[in-house]
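**Student:** Below are the sequence and a predicted model for it; my questions follow.
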Amino acid sequence: MSMGKKEGKLFLRRKTKFKSKKQPIQFQLDQLPNTPKAWIISKKVVAIVTFLITLTGIFVVWPRLSVYPGEALDPFQPFETPFIIKNDGYLPLFDIDYSIRAEKVKDMNNNSIINSTFTGLSIKIPKISANTSSAISIPIHQIVVFPAKNITYVELYFYITYKLSIIPITFKEARRFKTDRKSDGSFVWNEYYSKE
């Protein structure tokens, strides 16, 4: 039985309509395998950006304190050199409390004083703003019984505690310094690290 012209045209129209409806579905199915891949990449980008922001935040907030010898008032007497506490961070430090201990002091006659704390020298500084400093004078007369001009070698230990207003933690720093004597008899303070 042969198909009429009208029936043939109707069949072609139906076939064409069916194909035209199916094409967009086929296009969407082709794109689906790429969607999870794009999602994974975007998650990685978000994770990296979050990590970098966190790292920057820690760098800005975390306190940094330095201790170093200042300019000597008399380079031939080691205790005439003031020490400096400096806030190298971006936020102010509060309740800075420091103590100083003479771990070793020697004189020309080989007399020595070992592990002697400066009496009553536990001083509190209320606040040190960002990028500012405070000087520490060392009262040698409180522990050394022999003349300061006869001193040949000194080791000092600084113990410092301080706080940040935004972090309820007490931070601690310990620094050790010793004297080195030049050929002309003048003293230079250098930081050193013990085995402790």
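**Tutor:** Right, received. Where do you want to start? Quick caveat: nothing in here was measured; it's all calculated off a predicted structure.
**Student:** Helix, strand or coil: sort out residue 73 for me.
**Tutor:** With DSSP: H, G, I helix; E, B strand; the rest coil as the basis, residue 73 sits in coil.
**Student:** What count of nearby residues applies to the spatially closest residue to it that is not a sequence neighbour?
**Tutor:** Distances taken as C-beta to C-beta, 6 or more residues apart in numbering place residue 80 nearest to residue 73, at 4.3 Å, with adjacent residues excluded. Quick note: C-beta positions are derived from backbone N, CA and C, even for glycine. Residue 80: 15 surrounding residues under other C-beta atoms under 10 Å.
**Student:** what's residue 80 in contact with, if anything?
**Tutor:** 72, 73, 74 (C-beta atoms under 8 Å, 6 or more residues apart in numbering).
**Student:** Who wins on neighbours among those?
**Tutor:** Highest count within those by other C-beta under 10 Å belongs to residue 72, 17 neighbours.
**Student:** From residue 137, how far off is the residue lying closest to it once chain neighbours are set aside?
**Tutor:** Distance criterion C-beta to C-beta, 6+ apart; nearest residue to residue 72, sequence neighbours excluded, is residue 81 at 4.3 Å. Distance of residue 81 to residue 137, computed by C-beta to C-beta, to the nearest Å: 10 Å.
**Student:** Please identify which of the two sits among more neighbours.
**Tutor:** The residue with more neighbours, out of residue 81 and residue 137, is residue 81; 21 against 14, by other C-beta under 10 Å.
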